[in-house]
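Enquirer: Next comes the sequence, and after it the predicted model I'd like to discuss.
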Amino acid sequence: MQGHPEAPPLWERHVDIIFKKYKLTSTTHAPCLYLGLVKGKGALLMRQVDDFALAASSKRTANIMFDYVDDELTFPLKRMGIIHMFNGMDIDQTRDYVNILCPTYIE
């Protein structure tokens, strides 16, 4: 599919179907941002083409969601653990909050 002029919308549709299968709903103003529950725990997933970032209350919840996605793809996801950068944005994660900053992107 890579290189085909219709590849981006076809990939977006494919991933959207996967996320909806697991009851994740895309937000109105940011269709690449999905909200839902994973085994009763809140999850926030961001999709940027074929990169995914997941905010979850525990590593177990994140792994369950990534296992769901892995089951639907022909290639395994590369699990990066806690991220510090996503799509050019700096991510500062603590126990109490997640801060998204852009100084690296601006530089």
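Expert: Now that the structure is in, tell me what you want to look at. Computed from a predicted model, the values in this text were never measured in an experiment.

Enquirer: switch to C-alpha atoms for all contacts and neighbour counts from now on
Expert: Fine.

Enquirer: For the worst-scoring helix or strand of the chain on mean pLDDT, name the packing helices and strands.
Expert: For the chain, scoring each helix and strand by mean pLDDT, DSSP states H and E identifies helix 103-106 as the least confident one, at a mean of 78. With contacts defined as 3 or more Cα pairs under 8 Å, 6 or more residues apart in numbering; DSSP states H and E, the secondary structure elements packing on helix 103-106 are strand 89-93.

Enquirer: Going by neighbour count, list what's buried in the strand of greatest length in the chain.
Expert: Ranked by number of residues, the top strand in the chain under DSSP state E is strand 41-48. The neighbour-count check on strand 41-48 (16 or more other Cα atoms under 10 Å) flags 43-47 as buried.

Enquirer: just stretch 65-78 next, same as before
Expert: When burial is assessed from 16+ other Cα under 10 Å, stretch 65-78 yields the following buried residues: 65-66, 68-69.

Enquirer: mind checking the end-to-end distance for that stretch?
Expert: Using Cα to Cα, to the nearest Å, one end of stretch 65-78 lies 13 Å from the other.

Enquirer: now stretch 78-92
Expert: End-to-end distance of stretch 78-92: 21 Å, with Cα to Cα as the criterion.

Enquirer: same check, this time on stretch 77-90
Expert: For stretch 77-90, the first-to-last residue distance is 21 Å (Cα to Cα).

Enquirer: And it, how far out from the chain middle?
Expert: Between the centre of stretch 77-90 and the centre of its chain there are 10 Å (Cα atoms, centre = their mean, to the nearest Å).

Enquirer: buried residues in stretch 100-107?
Expert: When neighbours are counted by 16+ other Cα under 10 Å, no buried residue of stretch 100-107 is found.

Enquirer: okay, how far is it across that stretch, tip to tip?
Expert: 16 Å.

Enquirer: contacts for it?
Expert: Stretch 100-107 has contacts (Cα atoms under 8 Å, 6 or more residues apart in numbering) with 88-92.

Enquirer: Let me know the secondary structure of Met80.
Expert: In three-state terms, and counting by DSSP: H, G, I helix; E, B strand; the rest coil, Met80 is coil.

Enquirer: can you pull the pLDDT of it?
Expert: According to the model's per-residue confidence, Met80 sits at a pLDDT of 85.
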